[in-house]
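# Structure, please.
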Amino acid sequence: MFDCAMLLFPESAGFTKDDNLFTYQAKIIRQLGEEGSCVLIGRCADHVLKEMPGMVRVFVHAPADFCLREAMKVNSQPENEVVKLIAETDTTELVIISTIPEKNGSMPWIMISLDSSRLGFDGTVEAILAYIEVRKKSDPQMQD
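The predicted structure follows:
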């Protein structure tokens, strides 16, 4: 899947090339997944770990105005810069998702989808944890 033999390390001139960065991130993601339960946000971790038993794929979303308000709370840039940053991040994510065959624009690969603007961040975490607890009861592959 990912050729770690060709991996360039941070000291190398070509380290920041997209393919190398993805391969490097994939290697770290796999190491974390093999060590035990963990939470990974983005970085196509669900794709990298798609064969990992007991994996939970969650899609957390919110309306644009909520995302902007929350981003403004943690980002000291002017609003127009934060809007641009959100747009760039969303576009990058869509481009990455569109290159993964099993995702091809649809989202049946998601196990649970939550609107964080309705639940709040703490409520979103509680909902994910509740889902995991219910799933543990019926899925022997779920880890503690």
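# residues contacting K84?
For K84, the contact set (Cβ atoms under 8 Å, 6 or more residues apart in numbering) is empty. From N, CA and C alone the C-beta is placed, and that goes for glycine too.
# rerun at 10 Å
For K84, the contacting residues are Q77, P78, by Cβ atoms under 10 Å, 6 or more residues apart in numbering.
# Show me which positions of the longest helix that the chain contains end up buried.
The single longest helix within the chain, with elements called by DSSP state H, is helix 116-138. Buried residues in helix 116-138, counted by 16 or more other Cβ atoms under 10 Å: S116, S117, L119, T124, A127, I128, I132.
# Is R69 within a helix or a strand, and which one?
Per DSSP states H and E: R69 is located in helix 64-74.
# And the contacts of the longest helix of the chain?
Contact with helix 116-138 is made by 37, 39, 54, 56, 58, 60-63, 65-67, 69-70, 111-112, 114-115, 139, 141-144, as judged by Cβ under 10 Å, 6+ apart.
# hmm, try it at 6 Å
V58, V60, A62, P63, F66, I112, L114, M142 (Cβ atoms under 6 Å, 6 or more residues apart in numbering).
# Could you pick out the one among these with the lowest pLDDT?
Lowest pLDDT within the contacts of helix 116-138 is found at M142 (81).
# which SS class is it?
coil (DSSP: H, G, I helix; E, B strand; the rest coil).
# relative to helix 116-138, how tilted is the helix holding R69?
Counting by axes from the mean of the first three to the mean of the last three Cα atoms, to 10 degrees, helix 64-74 lies at 90 degrees to helix 116-138.
# Relative to the whole chain's centre, how far out is helix 64-74?
19 Å (Cα atoms, centre = their mean, to the nearest Å).
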